[in-house]
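1. need coordinates for the below:
(2 chains)
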2 protein chains.
Amino acid sequence: MTNPIPVDLPVAYRLLNHGPTVLVTSAHQGKRNVMAAAWSMPLDFSPPKITVVIDKATFTRGLIEASGVFALNVPVAEMASQVLLAGSSSGRETDKFMSLGLSVFPSSIISVPLIAGCAAWLECRVLPENAIQEKYDLFVAEVVAAWADPDLFQNGRWQATDLPSTRTLHYIAGGQFFTTGDVVDANRSQK
Amino acid sequence: MTNPIPVDLPVAYRLLNHGPTVLVTSAHQGKRNVMAAAWSMPLDFSPPKITVVIDKATFTRGLIEASGVFALNVPVAEMASQVLLAGSSSGRETDKFMSLGLSVFPSSIISVPLIAGCAAWLECRVLPENAIQEKYDLFVAEVVAAWADPDLFQNGRWQATDLPSTRTLHYIAGGQFFTTGDVVDANRSQK
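-> All right, here's what the predicted structure looks like:
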C-alpha cells in the first residue's frame, strides 16, 4: 500500500460517487468502533457534504452523537470478510479493530481512527439535523478532510486497476459484494 | 430483454444497495423528463424508502414537486452514452426521451414513464420533508412498486452476468463509469 495523499475537498464527493460500501469509524472518550454501511452517498460538492444511515441500535450511533464526528473508510476487495463481519457484529463488548485485525492510523482534523489498507478516507463532521437523524437515522455531515491511495484514486478520479484485490466493494446481499469492473467511457461510446 | 417481474417491496432496497447511477423519470400535466443521478441510496427496508438528490435548477425538480412522484430506473452499460447525455442536457426545451432514443413503458402505481432496457425500476412517492428538500435538495420517498429484469435480478438479489452490456453503471467523473465486475463472497473468503 502506498501512503495516502490528500484529496482536494471539491472533488472529495467523487470518493463515494460510484456507490461503494464503506466502513464507518468513530471514537469518543477512549471507546472506538467500526461498522459497515452500504447506505451512504455524496450530498454536495463544496463544501463537500455526505449522508449516511446509522441505525439507532448500533454502538457507533452513540459514539457519533457524543463526538459529532466520524470517518468513512472505503475498503477494497481483499477486506471483504472484515467488512462483512464489521457489519454483522457489535463493538459494544469487543474492540472490533482488534478482533478483525484492522490496523489504524490517525486522522488529521477529527479524532477518529482511519483503517489502513483502504482505498480512501473521508473525515466528517456531523451537521445538526436532529429531525432526520431521529426520524430516518439519516446523518448529514461535512467532509473536512479526505485522503486516498494514489495507486487507486489520482488526479481527482478513481483509476482502473488490474489488481482485483484493490477494487472497491458494492454490497449485494447475504455476504456478497460486486467489485468494480471495466470502465466505460460514455464520451467514446456515443452513437 | 426479458419482461420485467415485480420485486417484493421488502427487498426493493437491494436494487440500489450496490450504488448504481440511476435515471430519474418524472411527469406532470403532459410534460415528462429524464435526468441522471449518481446520488441516490436506500434509506429503509419496509416500507422501503430511498433518498435522491435533485438539484433546484433541474426541470425534473419542478415536475416532481408538482406531481409528488418519480421513478428511479437502473440503467445498464450499453446505455452509458444516453445516461451521460441525460445528465448533461436539460429537458426544459426538448423531450429527452425522444432525443436520446429512449423507449418507455407505463408504471403500475404512479404515473411516470419507465425506461425500457434498464435492469430495474423503483416507483417512488415523495414523503413531505420540505426542510431538507429546500436546504439540501434531498428528497425522501417511499418505494410503492419495484420491478427488475429477471435475467439480472432474481430471488431478491442481483445476479452475476457474463454480458458486459447488461452490467449496472457507477459514475466516476468526466463521462466515465465503472461497471460491476466480479462478485466476492465474503462468507467464503473469511480467514
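2. tell me the confidence at the one residue in chain A that gets nearest to chain B?
-> Distances between chain A and chain B by CB to the nearest CB are smallest at residue A:19, namely 1.3 Å. Yep, even glycine has a C-beta here, placed from its N, CA and C like the rest. With respect to pLDDT, residue A:19 scores 98.
3. what's near enough to touch the nearest residue to it once chain neighbours are set aside?
-> Excluding the flanking residues, the one nearest residue A:19 by CB to CB, 6 or more residues apart in numbering or on different chains is residue B:19, at 1.3 Å. By CB atoms under 8 Å, 6 or more residues apart in numbering or on different chains, the contact set of residue B:19 is A:18-21, A:38, A:41, A:170, B:41, B:170.
4. now, which of the residues you listed sits nearest residue B:72?
-> Residue B:72 lies nearest to residue B:41 out of the contacts of residue B:19, by CB to CB, at 10.6 Å.
5. partner residues bridging that closest one?
-> Residue B:41 forms beta bridges with residue B:51, as assigned by DSSP bridges.
6. look at it and say how many residues are nearby.
-> Residues near residue B:41, counting by other CB atoms under 10 Å in any protein chain shown, number 24.
7. likewise residue A:56?
-> Around residue A:56 there are 10 other residues, counting by other CB under 10 Å.
8. and the gap between it and residue B:140?
-> 17 Å (CB to CB, to the nearest Å).
9. check contacts around residue A:165.
-> By CB under 8 Å, 6+ apart, the contact list for residue A:165 reads A:76-78.
10. now do 6 Å
-> With contact set as CB atoms under 6 Å, 6 or more residues apart in numbering or on different chains, residue A:165 has these partners: A:77-78.
11. so for stretch A:85-102, mean pLDDT?
-> 92.
12. do that stretch and chain B meet at all?
-> No - applying CB under 6 Å from any CB of the partner chain, one finds stretch A:85-102 out of contact with chain B, separated by at least 7.6 Å.
13. run through the residues of chain A sitting next to chain B.
-> Checking chain A against chain B by CB under 6 Å from any CB, the hits are A:14, A:17-19, A:38-39, A:41-43, A:77, A:80-81, A:84, A:132, A:136, A:157-158, A:170-173, A:175-187, A:189-190.
14. can you tell me which of these end up in strands?
-> Among the residues of chain A next to chain B, the members falling in strands are A:41-43, A:157-158, A:170-173, A:176-185 (criterion: DSSP state E).
15. among those residues, which ones are buried?
-> A:41-43, A:158, A:170-173, A:176-181, A:184 (16 or more other CB atoms under 10 Å in any protein chain shown).
16. check these and tell me the two furthest apart.
-> Checking those with CB to CB, the most distant pair is A:43 and A:176, at 27.5 Å.
17. what number of residues lie near residue A:28?
-> Residue A:28: 17 neighbours (other CB under 10 Å).
18. what is it paired to in the beta sheet?
-> In this entry, residue A:28 is beta-bridged to residue A:31, by DSSP bridges.
19. quick one: it and residue A:64 touch, right?
-> No - here residue A:28 does not reach residue A:64: they are 8.1 Å apart, not a contact under CB atoms under 6 Å.
20. roughly how far apart are the closest residue to residue A:182 other than its chain neighbours and residue B:19?
-> Distances taken as CB to CB, 6+ apart place residue B:179 nearest to residue A:182, at 5.3 Å, with adjacent residues excluded. From residue B:179 across to residue B:19, the span is 12 Å (CB to CB).
21. what does residue A:23 give?
-> 15 Å.
22. likewise for residue A:68?
-> Taken as CB to CB, the span from residue A:68 to residue B:19 is 26 Å.
23. return the helix or strand in chain A with minimum mean pLDDT.
-> Every helix and strand in chain A was compared by mean pLDDT, DSSP states H and E; the lowest is helix A:80-88, with a mean of 94.
24. which parts of it are buried?
-> In terms of neighbour count (16+ other CB under 10 Å), helix A:80-88 has its buried residues at A:80-87.
25. show me what that helix packs onto, helices and strands only.
-> strand A:31-37 (3 or more CB pairs under 6 Å, 6 or more residues apart in numbering or on different chains; DSSP states H and E).
26. just how off-centre is the strand it packs on within its chain?
-> Distance of strand A:31-37 from the chain centroid (CA atoms, centre = their mean, to the nearest Å) equals 11 Å.
27. same check on stretch A:73-82?
-> With CA atoms, centre = their mean, you get 10 Å for stretch A:73-82.
28. now stretch A:117-135
-> Worked out by CA atoms, centre = their mean, stretch A:117-135 lies 10 Å from the chain centre.
29. ditto for stretch A:68-77
-> Centroid separation between stretch A:68-77 and its chain, computed with CA atoms, centre = their mean, is 3 Å.
30. what about it, how long is it end to end?
-> Start-to-end span of stretch A:68-77 (CA to CA, to the nearest Å) is 29 Å.
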